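Peer 1: sharing a model that was predicted from the sequence below.
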Amino acid sequence: MADNFTALRANLAAAEQSKDSEAHVPDPKQAAPRIFAEVRLPTKELVKDIPFFTRTLKMRMDTIYPADNPRVATFSGHGLRVEVNADATESPGTLRFRVENPDSFAEGERVLIAPNGTRIEVEELHPPLVMPKTEHSYVVHRLKDSAPWIIGRAGMQYRDLIPTRLGGSIIASHIRIPNGGKVPDMVHFHRVGFQLIFCYRGWVKVVYEDQGEPITLQAGDCFIQPPEIRHRVLEASDGIEVVEIGVPAEHVTEIDHDMELPTPHLRPDREWQGQRFVYNKGNEATWHPFRIPGFECRDTTINENTKGVAGVQVVRKVAGAEGVWTSHDTDILFAFVMEGRMTIEGEDRNPYQLELGDAFVIPPSFKNRFSDVSDDIEILEVSLPGSFVTELHP
């Protein structure tokens, strides 16, 4: 018996040595080695965890050992591999399951505690977008008073144009890339209600799902990125600057690892949640009277293509005109001074002298006036919703 056992050990050692030697001989026909990443969880009684992980969480058991008194088991499913180990000393932790139909999983329970103490949270795979109620306020944010630029996604520099974010209902960012060239971006999309990209300086090249070859956005041009349209920033000029508007302020950016851009189909009329992609060229626009006497504007077609979700205008002064006191009834009215200078006056407020790079928000029913406006003034105005009434006050 001893001789047989010795022979068995020798055979196992030889087999391992043979595997090691074979592993060092590359075979181009072999597939890449399999790799598992595991989460380890502690337990005191593995026998109670097995039915919970297999029946309640609908995972499969892959391994269990030792046979006579199991202390370790691995389970896999839903993109997760878990080792439950009676010798582990760490805390149980939390596992979150994102489920397309949470009521069909774990008998509809949203929070469970496994026998080993692990907290199980069940959430919707794609929770509905929540639009916070707008906290209206009169906001004036000047470039010279701003905090330093911060580094954000893909190495881009961000400056917040509405620090209060009106209670979370909107984010407005002034974004720049000092040194141009290729942008280290990936195909991604945003779970958002509305998103505007307005090119303020320089140019940027972007490719979009179902919109053909990459598009170069020049100064004065803008994009509307409908909710969840896949896209990727490819390249930018030195000193590129854009103004980006997102509603609501906090929204998820998700990487799409599978889609390749450009996509093979050109579908300019496709809608994403009722909105169409918009590529508006500033040098092809026509000018019309603005809602405030003394000014004119060029429409970006965004009100039409978002079915009234938002409107975007570029505004300039009519020679010799003077501003008047006005108010409006839209929920959010944001403006960014792109060129020139002006003074904004608000009822019972001190006037603010503004210049390029400054931004302001006018709340509903708030009387205000533009004065001391330079002839080269150019303002980007964004309203949500896109159609609203302006009242003139003597």
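Peer 2: Done, it's in.
Peer 1: isn't there a strand covering Gly167?
Peer 2: No. With DSSP: H, G, I helix; E, B strand; the rest coil as the criterion, Gly167 is located in helix rather than a strand.
Peer 1: so who does it touch?
Peer 2: Residues near Gly167 by C-beta atoms under 8 Å, 6 or more residues apart in numbering: 132-135. Just so you know, the C-beta spots here come from the backbone N, C-alpha and C atoms, and that holds for glycine as well.
Peer 1: mind redoing it with 6 Å?
Peer 2: Contact analysis of Gly167 by C-beta atoms under 6 Å, 6 or more residues apart in numbering lists 132, 134-135.
Peer 1: how close does it get to Arg191?
Peer 2: From Gly167 over to Arg191 the distance is 19 Å, taken as C-beta to C-beta, to the nearest Å.
Peer 1: could you look up the SS state of the most centrally placed residue in the chain?
Peer 2: Relative to the mean C-alpha position of the chain, the nearest C-alpha, by C-alpha atoms, centre = their mean, is the one of Thr253, at 2.7 Å. Under the three-state scheme (three-state DSSP), Thr253 adopts strand.
Peer 1: right, and it touches Val192 too?
Peer 2: No. With contact defined as C-beta atoms under 6 Å, Thr253 does not count as touching Val192 (8.8 Å).
Peer 1: in space, what's closest to Ala88 - neighbours in sequence excluded?
Peer 2: Pro42 (3.9 Å; C-beta to C-beta, 6 or more residues apart in numbering).
Peer 1: how near is the one you found to Ile120?
Peer 2: Distance of Pro42 to Ile120, given as C-beta to C-beta: 15 Å.
Peer 1: what about the helices in the stretch 101-250 of the chain?
Peer 2: Read by DSSP state H, counting those that start in this stretch, the stretch 101-250 of the chain holds no helices at all.
Peer 1: would you list every one of the strands in it?
Peer 2: Taking DSSP state E, counting those that start in this stretch as the test, the strands found in the stretch 101-250 of the chain are 111-113, 119-124, 139-141, 150-151, 157-160, 171-177, 181-182, 188-191, 194-201, 203-208, 215-218, 222-224, 231-236, 240-247.
Peer 1: lowest average confidence across those, which one?
Peer 2: Of all these, the minimum mean pLDDT falls on strand 150-151 (a mean of 80).
Peer 1: neighbouring contacts of that strand?
Peer 2: Tyr158.
Peer 1: can you list the strands that it pairs with?
Peer 2: Sheet pairing of strand 150-151 (DSSP bridges) gives strand 157-160 (antiparallel).
Peer 1: which residues outside the strand it pairs with are in contact with it?
Peer 2: Applying C-beta under 6 Å, 6+ apart, the external contacts of strand 157-160 come out as 146, 149-150, 152, 173-176.
Peer 1: out of the residues you listed, which comes closest to Leu112?
Peer 2: Gly152 (36.8 Å; C-beta to C-beta).
Peer 1: burial count for that closest one?
Peer 2: Per other C-beta atoms under 10 Å, the neighbour tally for Gly152 reads 12.
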